[in-house]
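Colleague: Following is a predicted model, sequence given first.
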Amino acid sequence: MWTTENRTRYDRSELRYPSDLTDDEWALIEPLIPPAKRGGGKRSVDMRAVVNGLMYVLSTGCQWRAIPKDLAARSTVHDYFDLWDYDGTLERIHHTLYVACRERVGREVSPTVAIIDSQSVKGAEKGGVRFDPPGYDAGKKIRGKKRHILVDTQGLLMHALVHPADIQDRDGGVLVMATLFGLYPFLLKLFADGGYQGPTFQDGLRKVCRTITVEIVRRSDQAKGFVVLPKRWIVERTIGWLNRCRRLAKDWECKSRKGRAFVLLASIRLMTRKLCQKTL
């Protein structure tokens with residue numbers, strides 16, 4: 001929470017760019033970056049400059065060609081981003097930091113409760129071939145993509161998918177749960193909103209995750225204005241956290257997997273800063 005007392009905890013004015021990693025944050029990320037391939041010359045690229053370049057694009061939402069000259073070359077930053085998304089490096093970094101965040105507060109690595117929700121994001125004007133076309137969300141009146149996220153009770157991202165906005169929550173939710181691939185074996189309960197009620201989601205979840213039960217948290221018909229709903233506020237807060245990264249303000253990516261990679265990168269940014277805070 002932004003107050004006068006704790007504002008200094010978030011002060012990054014001493015860095016070259018506010019998006020740059022501090023020494024403590026880089027100490028968390030550096031061991032998780034894969035080494036250079038065998039053979040040939042030694043790696044000459046400054047990997048910290050590459051990660052800082054990625055964080056700059058994520059935080060500011062700028063074009064790749066607008067990366068400042070004092071960071072790594074834009075082609076280098078983009079190629080490493082593409083490589084780390086392809087070979088699973090971002091997934092491994094994210095999971096390692098997730099485990100560290102859970103252990104820091106005395107929680108088991110695999111949570112037993114999770115909350116699921118989606119966010120429809122307006123698509124931006126894009127050039128080139130559209131490998132993953134957008135869809136139209138008739139409920140939100142938005143043409144673009146939909147980010148489906150699964151979080152724990154701390155609000156930490158567990159899993160995410162990006163798909164066309166015309167896919168209903170009940171169908172996209174099954175895709176999210178089906179692609180966990182046993183990552184959280186002790187997950188027993190799932191909280192969701194009214195978009196996941198009905199037999200479609202229940203039957204699909206039963207096929208992919210038989211041990212998980214669903215509880216639908218409904219908004220009262222008499223409620224007016226903003227109302228804090230049990231458990232659902234956690235995932236809404238996480239969406240707010242991720243949206244602090246301006247690259248996620250719209251769907252800028254031609255490929256859905258690239259959009260998902262930026263969501264993972266935003267979560268990595270969040271967890272590194274949490275782990276480096278002196279107080280919980």
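Modeller: Cool, the structure landed.

Colleague: Nearest residue to residue 146 in space, ignoring adjacent ones along the chain?
Modeller: residue 165 (4.5 Å; Cβ to Cβ, 6 or more residues apart in numbering). Placement of C-beta: from N, CA and C, glycine included.

Colleague: neighbours around that neighbour, how many?
Modeller: 26 (other Cβ atoms under 10 Å).

Colleague: For residue 208, which residues are in contact?
Modeller: 174, 177, 178 (Cβ atoms under 8 Å, 6 or more residues apart in numbering).

Colleague: Next: residue 170.
Modeller: Residue 170 sits in contact with 195, 196, 197, 198, 200, 201, 204, where contact means Cβ under 8 Å, 6+ apart.

Colleague: I'd like to know which of those is nearest to residue 68.
Modeller: Using Cβ to Cβ, residue 195 comes nearest to residue 68 of those, at 41.4 Å.

Colleague: contacting residues around the residue nearest to residue 146?
Modeller: Contacts of residue 165 (Cβ under 8 Å, 6+ apart): 120, 121, 134, 135, 136, 137, 140, 142, 143, 144, 145, 146.

Colleague: ok, and the most crowded of those residues?
Modeller: Of these, with other Cβ under 10 Å as the count, residue 145 tops at 28 neighbours.

Colleague: From residue 242, how far off is the closest residue to that residue other than its chain neighbours?
Modeller: Residue nearest to residue 145 in three dimensions, not counting chain neighbours: residue 251, with 4.4 Å by Cβ to Cβ, 6+ apart. As judged by Cβ to Cβ, to the nearest Å, residue 251 and residue 242 stand 13 Å apart.

Colleague: Who has more neighbours out of these two?
Modeller: The residue with more neighbours, out of residue 251 and residue 242, is residue 251; 26 against 21, by other Cβ under 10 Å.

Colleague: Do I have it right that the more buried one meets residue 134?
Modeller: Yes. Between residue 251 and residue 134 a contact is recorded at 7.0 Å, counting by Cβ atoms under 8 Å.

Colleague: Show me whatever sits in contact with both of these two.
Modeller: 123, 144, 145.

Colleague: and of the residues you listed, the nearest to residue 157?
Modeller: Nearest to residue 157 among the shared contacts of residue 251 and residue 134, with distances taken as Cβ to Cβ, is residue 145, at 16.9 Å.

Colleague: Please state the backbone phi and psi of the closest one?
Modeller: With angles defined as degrees, to the nearest 10, residue 145 sits at phi -120, psi 170.

Colleague: Is it bridged to anything, and to what?
Modeller: residue 121, residue 164 (DSSP bridges).

Colleague: and the gap between it and residue 164?
Modeller: With the distance defined as Cβ to Cβ, residue 145 ends up 6 Å from residue 164.

Colleague: Please enumerate the shared neighbours of those two.
Modeller: 132, 134, 135.

Colleague: how about the longest helix seen in the chain: buried residues?
Modeller: Looking across the chain with DSSP state H, the single longest helix is helix 256-276. Under the neighbour-count criterion of 16 or more other Cβ atoms under 10 Å, helix 256-276 has 256, 258-274, 276 buried.

Colleague: Next, the residue lying closest to residue 184 once chain neighbours are set aside: phi, psi?
Modeller: Spatial nearest neighbour of residue 184, excluding adjacent residues (Cβ to Cβ, 6+ apart): residue 110 at 4.8 Å. With angles defined as degrees, to the nearest 10, residue 110 sits at phi -100, psi 120.

Colleague: Now do the same contact list for residue 110.
Modeller: 184, 185, 186, 187.

Colleague: right, and residue 108 touches residue 102 too?
Modeller: Yes. Assessed by Cβ under 8 Å, residue 108 is found in contact with residue 102 at 6.9 Å.

Colleague: If you count surrounding residues, which of the two has more?
Modeller: Counted by other Cβ under 10 Å, residue 108 and residue 102 do not tie: residue 102 has more neighbours, with 17 against 9.

Colleague: what helix or strand does the more buried one sit in?
Modeller: Assigned by DSSP states H and E, residue 102 belongs to helix 89-104.

Colleague: Since that was my last question, I'll sign off now.
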